[in-house]
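I would like the atomic coordinates for the input below:
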Amino acid sequence: MISLRGVDYLGIRQRNRDLSPSLVEGSGRNKPLLGVHFKDEEDVTSGGGAKEPSISEKVSNLVANLQSVDRGIRYTAAQKLGIMKKEASASIPALILALEDKDQTVRYCAAVAIGEMGSDAVSAVPGLVKAMGDKDNCVRAQSAGALAKIGKEIPDIVKPALVKALKSESLYIREEAAETLVSMGEEDAGGLIVPTLLEGLKRYDLHIGASVSLTKIGKKNPGVIVPMLIDAFKDCSGYPFGIEYTLAQIGNVAHNVVEAALMDALKDENSRVQVGAAAALVRIVDNNIVVPVLVNGLKSKDPNAQYTAAIVFKNIKNLNRDSLDLAIPALIEALSPDNSDRGVRYVAATALGGFGKEACSAISVLIETLQKDKDDDVRTAAARALGVLGDREMVLPLLIEALKSKNSDVLKSVAFTLGAMKTEASSALPALHKILENKEETKYDDPLGTYLVLSQTISIIEGKTDNYSLP
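Got it, this is the predicted structure:
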């Protein structure tokens, strides 16, 4: 399936939630392995009224736990050191080593702990800069966050290290350094920050943070940043979500500047710039204005421009009749098997379904796509669209025929389409029952999921339930 991916900030928050119980349960849940004792402060005070251990004893015990073979013991130790903040500054050398632990959760917790120690953690700055290139995005983000915290207390040391990092061979390090510098109020750094952020803005895994930083800079100086953003459309692969979103955000403050620049970009010779500008404009002007440009993008020889135009049509709302009369034939043409880009065909089918009954002229092409397209995802999109557009008597036989597919995704999509028709799809019941009765005859790549969807589809069509209840 086609997806747009971004930085997993939800993952960062989820990890914080997942780890929080271990702050109180760490020693109980994480049993030591191979005879390694988990030295916890609770262990020291348990029994017979023994005296409270000193801060240095607590820190020493937790540092020892950072060497445990049990990852749970290691990350719990890092967490507790972070809670102690500067009282645990003696643990910084051990936490620096933990930034290179084999377990990503330990590395993440080590970065959090170091950040809590502020200026006392100055010796950790090189290690944190290196950790901004970690393969795990949560570790990268937290390492940058730690540098920002330390930088609030000792900016004269942290900022030069971050500026130097802007020249790293690692894009991850460069990107995190640029974002951290912007958060600290630095927006130039010898002209290196904006180009670095623009580079990250074109990447699915980096565009969110880059967008936040560029929006902050662009709101202050839109006359400089907006043209640079528009120019970035030229060599952006895939849908330019980061660029168009950033332009729209700057437009909230500098509407006239952004709108004028984007309207002018609609006339650019480069088709990627044209459709990119159209994608941004639908956020701030009447959608119908950009339809002719999007139609030209669908007809472009540049697959990237075609894909972007199709995505905008998939998301666009409230088109008038004249605009629909331009858009629908262009999307039908993009759905042709002569179009070798499966991504464009998939999005075109999805967009036609989104137009509802207004796109009934596409039914015959969607039928042909469902029957003949070689790509499973494209056939799936066609099935869904037909469920929205088609006359039941015309579409049902085609969907029933499509139930013969051996592909789980196609089969489930057809079933969902039938389920949306509810009792009107009763003629599909024999075919659905037959599949469930002959489970041993056909092997699906997702048998459990497929049979669950099919059984619930039957219940919906038979009126026994109204909706799907899937895990």
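
what about Asn65, neighbour count?
27 (other Cβ atoms under 10 Å). Using the backbone N, CA and C atoms, a C-beta is placed for each residue, glycine as well.

list the contacts for the closest residue to it other than its chain neighbours?
Computed as Cβ to Cβ, 6 or more residues apart in numbering, the closest residue to Asn65 that is not its neighbour in sequence is Ala77, at 3.7 Å. Listed by Cβ atoms under 8 Å, 6 or more residues apart in numbering, the contact set of Ala77 reads Leu62, Val63, Asn65, Leu66, Ser68.

try it again with 10 Å
Going by Cβ atoms under 10 Å, 6 or more residues apart in numbering, Ala77 touches 26, 38-40, 59, 61-68, 91, 94-95, 98, 106, 109-110, 113.

now it: how far from Lys85?
Distance, Ala77 to Lys85, using Cβ to Cβ, to the nearest Å: 15 Å.

show me the helices in the stretch 151-300 of the chain, by range?
Counting by DSSP state H, counting those that start in this stretch, residue ranges of the helices within the stretch 151-300 of the chain are 155-165, 171-183, 193-201, 207-220, 222-232, 241-251, 255-265, 271-281, 291-298.

now for the last one, which elements pack on it?
If contacts are counted by 3 or more Cβ pairs under 10 Å, 6 or more residues apart in numbering; DSSP states H and E, helix 291-298 sits against helix 271-281, helix 303-315, helix 321-334, helix 342-354.

mean pLDDT, mean neighbour count and distance to Pro155 added to the ones you listed, as CSV?
As requested, those are exported to CSV (pLDDT from 0 to 100; neighbours: other Cβ atoms under 10 Å; distance: least, Cβ to Cβ, whole Å):
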stretch, mean pLDDT, mean neighbour count, distance to Pro155
helix 271-281, 96, 26, 35
helix 303-315, 95, 25, 40
helix 321-334, 95, 18, 52
helix 342-354, 94, 25, 45
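
narrow the contacts of Ala77 to those in helices?
26, 59, 61-65, 94-95, 98, 106, 109-110, 113 (DSSP state H).

can I get the helices of the stretch 151-300 of the chain in TSV with distance to Ala348?
TSV is the format used below for the helices of the stretch 151-300 of the chain (distance: least, Cβ to Cβ, whole Å):
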stretch	distance to Ala348
helix 155-165	43
helix 171-183	32
helix 193-201	26
helix 207-220	24
helix 222-232	26
helix 241-251	19
helix 255-265	24
helix 271-281	14
helix 291-298	8
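
closest to Pro471 out of the ones you listed?
Comparison of the helices of the stretch 151-300 of the chain against Pro471 by Cβ to Cβ identifies helix 207-220 as nearest, at 28.8 Å.

please name the nearest non-neighbouring residue to Ala265.
Per Cβ to Cβ, 6+ apart, closest to Ala265 is Ala277, 3.7 Å.

repeat that for Val129.
In space, and not counting its chain neighbours, Val129 is closest to Ala165: 5.0 Å by Cβ to Cβ, 6+ apart.

just checking, that neighbour touches Ile193?
No. Between Ala165 and Ile193 there is no contact under Cβ atoms under 10 Å: 11.3 Å.

name the residues contacting each of these two.
Shared contacts of Ala165 and Ile193, defined by Cβ under 10 Å, 6+ apart, are found at Arg174, Ala177, Ala178, Leu181.

can you report how many residues lie near the last one?
Okay, so that is Leu181. Neighbours of Leu181 (other Cβ under 10 Å): 28.

OK, contacts around the closest residue to it other than its chain neighbours?
In this structure, Leu181 finds its nearest non-sequential neighbour in Leu162, 5.1 Å apart by Cβ to Cβ, 6+ apart. Neighbouring residues of Leu162 by Cβ under 10 Å, 6+ apart: 125, 128-129, 132, 144, 147-148, 151, 155, 173-174, 176-181, 184, 186, 189, 193.

again, 8 Å this time
Val129, Leu147, Gly151, Ala177, Thr180, Leu181, Met184, Glu186, Ala189.

ditto for Val253
Val253 touches Lys219, Pro222, counting by Cβ under 8 Å, 6+ apart.

now stretch 166-183: buried residues?
Within stretch 166-183, the residues that count as buried by 16 or more other Cβ atoms under 10 Å are 166, 168, 172-183.

where does the chain dip in pLDDT?
Along the chain, segments meeting pLDDT under 70 span 1-50, 390.

quick check: Thr457 vs Lys464, distance?
11 Å.

neighbour count: those two, which is higher?
Thr457 (24 against 9).

surely the more buried one touches Val414?
No. Taking contacts as Cβ atoms under 8 Å, Thr457 lies outside contact range of Val414: 9.1 Å.

got the buried residues of stretch 166-183 as JSON lines, with distance to Cys360 columns?
Formatted as JSON lines, the buried residues of stretch 166-183 follow (distance: Cβ to Cβ, whole Å):
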{"residue": "Leu166", "distance to Cys360": "54"}
{"residue": "Ser168", "distance to Cys360": "55"}
{"residue": "Tyr172", "distance to Cys360": "48"}
{"residue": "Ile173", "distance to Cys360": "53"}
{"residue": "Arg174", "distance to Cys360": "51"}
{"residue": "Glu175", "distance to Cys360": "47"}
{"residue": "Glu176", "distance to Cys360": "50"}
{"residue": "Ala177", "distance to Cys360": "53"}
{"residue": "Ala178", "distance to Cys360": "50"}
{"residue": "Glu179", "distance to Cys360": "48"}
{"residue": "Thr180", "distance to Cys360": "53"}
{"residue": "Leu181", "distance to Cys360": "54"}
{"residue": "Val182", "distance to Cys360": "50"}
{"residue": "Ser183", "distance to Cys360": "51"}
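
for these, work out which two are farthest apart.
Ser168 and Ser183 (18.1 Å).

what's the neighbour count on Met421?
Met421: 19 surrounding residues under other Cβ under 10 Å.

so what's Val312 up against?
Per Cβ under 8 Å, 6+ apart, neighbours of Val312: Val275, Ala278, Ala279, Val282, Val290, Leu294.

what about Lys86, neighbour count?
By the measure other Cβ under 10 Å, the count of residues near Lys86 is 12.

show me how the record splits this structure into domains.
Under automatic domain parsing, the residue ranges defining each domain of the chain are 1-186, 187-301, 411-471.

right, and the ones you listed - which one's nearest Ala383?
In terms of Cβ to Cβ, the element of the domains of the chain nearest to Ala383 is domain 411-471, at 4.9 Å.

between the two ends of the closest one, what distance do you get?
End-to-end distance of domain 411-471 (Cα to Cα, to the nearest Å): 18 Å.

what's near enough to touch the residue nearest to Ala305 when sequence neighbours are not counted?
In space, and not counting its chain neighbours, Ala305 is closest to Ser271: 4.0 Å by Cβ to Cβ, 6+ apart. By Cβ under 8 Å, 6+ apart, Ser271 lies in contact with Asn296, Gly297, Ser300, Asp302, Ala305.
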